[in-house]
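[1] show me how the following folds:
(2 chains)
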There are 2 protein chains.
Amino acid sequence: MEIVEVGPRDGLQNEKRVLPTSVKVGYVSRAIAAGLRRIEVAAFARPDRVPQMADAEEVLRSVPRRPGVRYVALVLNGRGLDRALALEAARPDEINYVVVASDEFSRRNQGMSTASSLGAFRAVAERARDAGLFVTLTVAAAFGCPFTGSVPVSRVRDIVADAGPLDEICLADTIGAGVPGQVTELAAAMRTVAPVAPLRAHFHNTRNTGYANAIAAVTSGFVALDASLGGIGGCPFAPAATGNIATEDLAYLLNRSALKTGVDVTAAAAAGTWIGSELGLAPVPAQLGRAGDFPLAS
Amino acid sequence: MEIVEVGPRDGLQNEKRVLPTSVKVGYVSRAIAAGLRRIEVAAFARPDRVPQMADAEEVLRSVPRRPGVRYVALVLNGRGLDRALALEAARPDEINYVVVASDEFSRRNQGMSTASSLGAFRAVAERARDAGLFVTLTVAAAFGCPFTGSVPVSRVRDIVADAGPLDEICLADTIGAGVPGQVTELAAAMRTVAPVAPLRAHFHNTRNTGYANAIAAVTSGFVALDASLGGIGGCPFAPAATGNIATEDLAYLLNRSALKTGVDVTAAAAAGTWIGSELGLAPVPAQLGRAGDFPLAS
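    Numbering: from 1, shown residues only, chains lettered A, B, ... in the order given. Below you'll find the predicted structure:
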């Protein structure tokens, strides 16, 4: 089971304290040292709307490039892709493009309807794939919208059906409202429109359902899970959203469930505690840093 | 799915601030108003070891007696049962007797080996059943011991096999180390030695696995789950143990999973926030009080 480390992007972008690039690079380096190999490090968003991501280019130029480590950048439109491609040798390996499942949330987040955002995605995806980038489509608010409530499974299915070619589908519970039964239903619906694309899930622990959803994802065919070291984060445009599920806690859950993640729980917990101190958070939402691994090393 | 409210006992007993009886009764009354019908309200423990439970008799005399509401008291030995029976009309409806699965933890917690504690249980259980009380055996540290590490499933099975007649088996992850695979394995093992006794589980969320374990319990045959309003609590004798899974968050998870709990999530969340303020905890571990129910009431 692959854990995608999204702390440097989704984790940080909702935090008030804007960190210097060097601290972000330190976070990424600690993630690599803990065994993470796929890391979302930046968003090409408007700096006035997401100040924490204003140094996206500098982060991508500064993170260590190592064999086997892939960097992901969030892209919201063609301008974002332009910025990614302009980095040339410092390009991300992948782009993650977000389409919001409900029109109301899509308009507030991206200034356009879901259909318009999806149309823009198809054009961006084609250019990105031509440039050799791996393309993920994330459907945000796939488990519920903070403004309009329930989101039908058919709505998420239709978005993916209309998305055109993509390398991966990520379903995001942006506001942390989902429950395991939704995970299973959405997985089945994906298979009717995208039989082979790898499935990735993105959970927030806003209502303490995130880890139960992660287990449901494992058993219903998802092969990758987003998480943030420390469990930091949220969404600046989703009311009352809280952090991603925590990498260290997820790794504990999966490692002890006989699913290999490659993540060293103790190193991950130390990284989570460290980023918490850099952000002035004490304690972080992750629990492993306080509780420790189990069974204790002898 | 039945939720057993254990906040007034397990939730409170690890809290430093000792509450007056009237506040405990207020907590119980709020639990009833939120729809809970089976509530662990007291422990007959030594007041010098568990000061929060020193008013056990007064609590049992003061809580409202209503049709359909059952009160549980924790009992650790014959003296505890004597105290329960001496209450006469104010007796609890049930006793919950704890045997600790590992000898080391049992000695530290109860001053005797697991076998001695189990022998004492058989005598207490017989007297309690003769007096008309419902008897639950809780096997504590069934998912791991903070001192000696892993606890074999066979150890838990053998304890239950030797317990004699009982009305219910409760398996407790006292230190919040368990994962869903253990829940499933333990459920299967119980069925080899106790084919018909109802199974109840008790999870702490110390490593963020508690709610995933709860879902595993639902699907593997458990019919009752312990939780505390606010997610308060812990164990004074287990290092780094944190709160029970929260009643409001568990009810959200189960209600939205089409399992009827009878619990009003909004009333439960308000009760959790209230007990947190009485304890000087802000915020409580439960998330629903901050995030709110979903979908929002229209």
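[2] my guess is A:Ser100 meets A:Ser113, correct?
    Residue A:100: Val, not Ser. No - A:Val100 is beyond contact range of A:Ser113, at 9.4 Å (criterion: CB atoms under 8 Å). C-betas here are computed from N, CA, C, even on glycine.
[3] common neighbours of those two, please.
    Common contacts of A:Val100 and A:Ser113 (CB atoms under 8 Å, 6 or more residues apart in numbering or on different chains): A:Ser106.
[4] those two: which is more packed in?
    Neighbour count, other CB atoms under 10 Å in any protein chain shown: between A:Val100 and A:Ser113, A:Val100 has more, with 29 against 15.
[5] report the contact partners of the more buried one.
    Shown in contact with A:Val100 (CB under 8 Å, 6+ apart): A:106, A:109-110, A:114, A:117, A:139-141, A:174.
[6] what segments of the stretch 51-200 of chain A are helices?
    Listed in chain order, the helices of the stretch 51-200 of chain A (DSSP state H, counting those that start in this stretch) span A:56-62, A:78-86, A:103-110, A:114-130, A:153-161, A:180-193.
[7] ok, which of the ones you listed comes nearest chain B?
    Ranking the helices of the stretch 51-200 of chain A by proximity to chain B (CB to the nearest CB) places helix A:180-193 first, at 5.3 Å.
[8] hmm, who's touching that closest one?
    By CB under 8 Å, 6+ apart, the residues outside helix A:180-193 that reach it are A:142-143, A:153-154, A:156-158, A:160-161, A:169, A:171, A:197, A:199, A:201, A:209, A:212-213, A:215-217, A:219-222, B:215, B:256-258.
[9] got it, and stretch A:140-156?
    Contact partners of stretch A:140-156, identified using CB under 8 Å, 6+ apart, comprise A:98-105, A:108-109, A:139, A:171-175, A:177-178, A:182, A:185-186, A:189, A:238-241, B:294-296, B:298.
[10] switch the cut-off to 7 Å
    Here stretch A:140-156 makes contact (CB atoms under 7 Å, 6 or more residues apart in numbering or on different chains) with A:98-102, A:104-105, A:139, A:171-175, A:177-178, A:182, A:185-186, A:189, A:238-239, B:294-296.
[11] next step: the residues you listed restricted to strands.
    Residues of the contacts of stretch A:140-156 located in strands (DSSP state E): A:98-100, A:139, A:171-173.
[12] could those residues be laid out in a markdown table, adding pLDDT and distance to B:Ala271?
    Output for those, formatted as a markdown table (pLDDT from 0 to 100; distance: CB to CB, whole Å):
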| residue | pLDDT | distance to B:Ala271 |
| --- | --- | --- |
| A:Val98 | 97 | 37 |
| A:Val99 | 97 | 39 |
| A:Val100 | 98 | 34 |
| A:Val139 | 98 | 36 |
| A:Leu171 | 98 | 33 |
| A:Ala172 | 98 | 31 |
| A:Asp173 | 97 | 26 |
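[13] which stretches of the stretch 51-200 of chain A have low pLDDT?
    Across the stretch 51-200 of chain A, nothing is flagged by pLDDT under 70.
[14] chain B contacts on the stretch 101-250 of chain A?
    Within the stretch 101-250 of chain A, the residues that sit near chain B (CB under 7 Å from any CB of the partner chain) are A:144, A:149-150, A:176-177, A:179-181, A:206-209, A:211-212, A:215, A:240, A:246, A:249.
[15] near chain B at all, stretch A:256-263?
    Yes - counting by CB under 7 Å from any CB, contacts between stretch A:256-263 and chain B involve A:256-258.
[16] same question for that stretch: list its buried residues.
    Neighbour-count burial for stretch A:256-263 flags A:256-257, A:261, A:263 (criterion: 16 or more other CB atoms under 10 Å in any protein chain shown).
[17] which other residues reach it?
    Identification of contacts with stretch A:256-263 by CB under 7 Å, 6+ apart yields A:1, A:3, A:34-37, A:218, A:247, A:251, A:254-255, B:179-181.
[18] thanks a lot, see you next time.
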